[in-house]
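Enquirer: Build me a structure from this.
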Amino acid sequence: MVASFALVFSGSFAAKASGESLTLSEFQSSPGYQLLSDEASATAIFMSNAGAVQITTTSSMDISGTPASGSILELKSSKTKSQAKISNTNAGETVGTPLIGTFDGTLFYGPVSIASTTTGVINYDAAIARLNKSTATVLAMPTTAVPNPFTKYKPAWVYSAAQLDPLARLTEGFSTDSLSNVAGLLFSTVEPQANADNPSSTDYVFTASSPATGQTPPYEWVVTTTFNESHVFVSQTLRAVVVDITVNIVTELSTPASIEFAAVDKTQSVALSSLVTMGRKIAAEKSLAAKAKSLATKATALAKATRKALTVTQLKSAAKTLKLSTVALKTGVKLTAKYQGVAGSVCVTAVKGKAVTAHC
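Expert: Numbering: from 1, shown residues only. The predicted structure follows:
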């Protein structure tokens, strides 16, 4: 979401807060950045003693003053439970249904919409229908199996203040896994100054810019991080303006006395483990399709040769002729296979003189 904004930038940018240009390593060793790091450390100590934490990051884009696409990430956490709400916006309004993921002890509850792309889930549509869970809205799983975009939002991560790290936000802004991968990246020095709205608070301002390389245009972020007189993080803004396009990423921290989480309707949930198992079972059944078809075709031919209606006798004879491993049933035979350790079976039975194939 944040990373996509970097791709719209081209042209000239505002001047740096200082005339000095620093590489990433020089920036991290600079006195100004050390001051910023000290403030962040004080905030981390403050958060560690808080009973509840709420962090909201709002990403927005304006074109000629008109709000365009954006997103809102709301993180709420106690020491044992956390919740992430991800909303997309357009023209300043929320669009679609927000995605809500909740870490509660050893379990995670997320939107069922992420199930089809979760590692281990196959044959999703057929599996959820077979489980009679087509109306489920919640996906339940162990916290060790949580997929993107919720992977990192556990209570410990929220309390770590990682979401407040300006370099982490810049990493997203530059669409990279590491700032060291950004060619030609240069920083200004960090400039502490009194906050305009509350002089007792301090703004730490710096810029980070990258020149044009190949298909990637030049762009620059102006970063302002505000701490109050107690050295606790208040807010952070990453801003870029290009001609008529303005991009803002604003992060705010609060530590309420208590926190209210959005309710999770566990009665409308489906377990990830059930989807994975059923998906594999269906895969095992699918692997038997060719054998089941051959068996039905052979049994039909045997019945036709005797000029009689197909019975279980022809099915068993066909299985023997084709050298198929089957289990005899009262009305037919059962074929079984395994897929990733999960067994699935297909039964071929005689129904009103015809061979009928179905999972069983």
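Enquirer: show me where this structure has helices.
Expert: 24-29, 31-48, 124-130, 155-159, 166-173, 272-286, 289-306, 312-321 (DSSP state H).
Enquirer: distance between the shortest one and the chain's centre?
Expert: If you compare the mean C-alpha spot of helix 155-159 with that of the full chain, they lie 17 Å apart, counting by C-alpha atoms, centre = their mean, to the nearest Å.
Enquirer: Flag every buried residue along it.
Expert: P155, W157, V158, Y159 (16 or more other C-beta atoms under 10 Å). Yep, even glycine has a C-beta here, placed from its N, CA and C like the rest.
Enquirer: export it as PDB, just CAs?
Expert: C-alpha atoms of helix 155-159 as PDB (Å, rounded to 0.1, in the frame of the first residue of the first chain):
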ATOM      1  CA  PRO A 155       1.300  -8.000  20.600                       C
ATOM      2  CA  ALA A 156       5.100  -8.200  21.000                       C
ATOM      3  CA  TRP A 157       5.700  -6.600  17.600                       C
ATOM      4  CA  VAL A 158       3.200  -3.800  18.300                       C
ATOM      5  CA  TYR A 159       4.800  -3.100  21.700                       C
END
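Enquirer: what's that helix packed up against?
Expert: With contacts taken as 3 or more C-beta pairs under 8 Å, 6 or more residues apart in numbering; DSSP states H and E, helix 155-159 sits against strand 53-63, strand 66-77, strand 81-90.
Enquirer: Using TSV, lay out those strands together with mean pLDDT, mean neighbour count and distance to G344.
Expert: Formatted as TSV, the helices and strands packed on helix 155-159 follow (pLDDT from 0 to 100; neighbours: other C-beta atoms under 10 Å; distance: least, C-beta to C-beta, whole Å):
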stretch	mean pLDDT	mean neighbour count	distance to G344
strand 53-63	94	19	45
strand 66-77	93	19	40
strand 81-90	95	19	36
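Enquirer: Those: which one's closest to T251?
Expert: strand 53-63 (4.5 Å; C-beta to C-beta).
Enquirer: give me the low-pLDDT residue ranges for this protein?
Expert: 1-19 (pLDDT under 70).
Enquirer: center of it - which residue?
Expert: In the chain, the centroid-proximal residue (C-alpha atoms, centre = their mean) is P149; its distance is 1.7 Å.
Enquirer: of all the helices of the chain, which lies closest to L329?
Expert: Comparing these by C-beta to C-beta, helix 312-321 comes nearest, at 7.6 Å.
Enquirer: Could you export the helices and strands packed on helix 155-159 to TSV, including columns for distance to G353?
Expert: Shown next, in TSV, are the helices and strands packed on helix 155-159 (distance: least, C-beta to C-beta, whole Å):
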stretch	distance to G353
strand 53-63	66
strand 66-77	61
strand 81-90	57
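Enquirer: From the domain annotation, what segments belong to each domain of this protein?
Expert: 3-268, 287-359 (automatic domain parsing).
Enquirer: quick one, which of these is nearest to G279?
Expert: domain 3-268 (4.1 Å).
Enquirer: buried ones in stretch 293-301?
Expert: L295, A296, K298, A299, T300.
Enquirer: whoops, stretch 192-201 was the one
Expert: N195, S201.
Enquirer: try stretch 236-256
Expert: 236-242, 245-253.
Enquirer: what's the closest of the residues you listed to A289?
Expert: I249 (51.2 Å).
Enquirer: if you skip the residues just before and after it, what's nearest to that closest one?
Expert: L238 (4.2 Å; C-beta to C-beta, 6 or more residues apart in numbering).
Enquirer: so the one you found sits right up against T225, yeah?
Expert: No: look at L238 against T225 with C-beta atoms under 8 Å: they stay out of range, at 9.5 Å.
Enquirer: intersection of neighbour lists for those two?
Expert: Common contact partners of L238 and T225 (C-beta atoms under 8 Å, 6 or more residues apart in numbering): P166.
Enquirer: circling back to that earlier point, can you tell me the closest non-neighbouring residue to the residue nearest to the centre of the chain?
Expert: I86 is the one closest to P149 (C-beta to C-beta, 6+ apart), at 6.2 Å.
Enquirer: Also S77?
Expert: V158 (3.9 Å).
Enquirer: Next: S78.
Expert: S78 sits nearest to A52 (C-beta to C-beta, 6+ apart), 5.3 Å away.
Enquirer: What's the local residue count around the one you found?
Expert: Residues near A52, counting by other C-beta atoms under 10 Å, number 16.
Enquirer: distance of it from S87?
Expert: 21 Å (C-beta to C-beta, to the nearest Å).
Enquirer: Ok, D197 next?
Expert: 27 Å.
Enquirer: and what of S30?
Expert: With C-beta to C-beta as the criterion, S30 and S87 are 36 Å apart.
Enquirer: With V351 instead?
Expert: Counting by C-beta to C-beta - V351 and S87 are separated by 52 Å.
Enquirer: if we can go back for a sec, hang on, isn't the residue nearest to the centre of the chain packed against S87?
Expert: No: the criterion here is C-beta under 8 Å, and P149 misses it with S87 at 11.9 Å.
Enquirer: joint contacts of those two?
Expert: With C-beta under 8 Å, 6+ apart as the test, P149 and S87 both reach L99.
Enquirer: list the contacts for the residue nearest to S78?
Expert: A52 neighbours (C-beta under 8 Å, 6+ apart): K76, S77, S78, T255, P256, A257, S258, I259.
Enquirer: Which two among those residues are spaced furthest apart?
Expert: S77 and A257 (14.1 Å).
Enquirer: Pull the contacting residues for L36.
Expert: Taking C-beta under 8 Å, 6+ apart as the test, what L36 contacts is P166, V190, Y204, T225.
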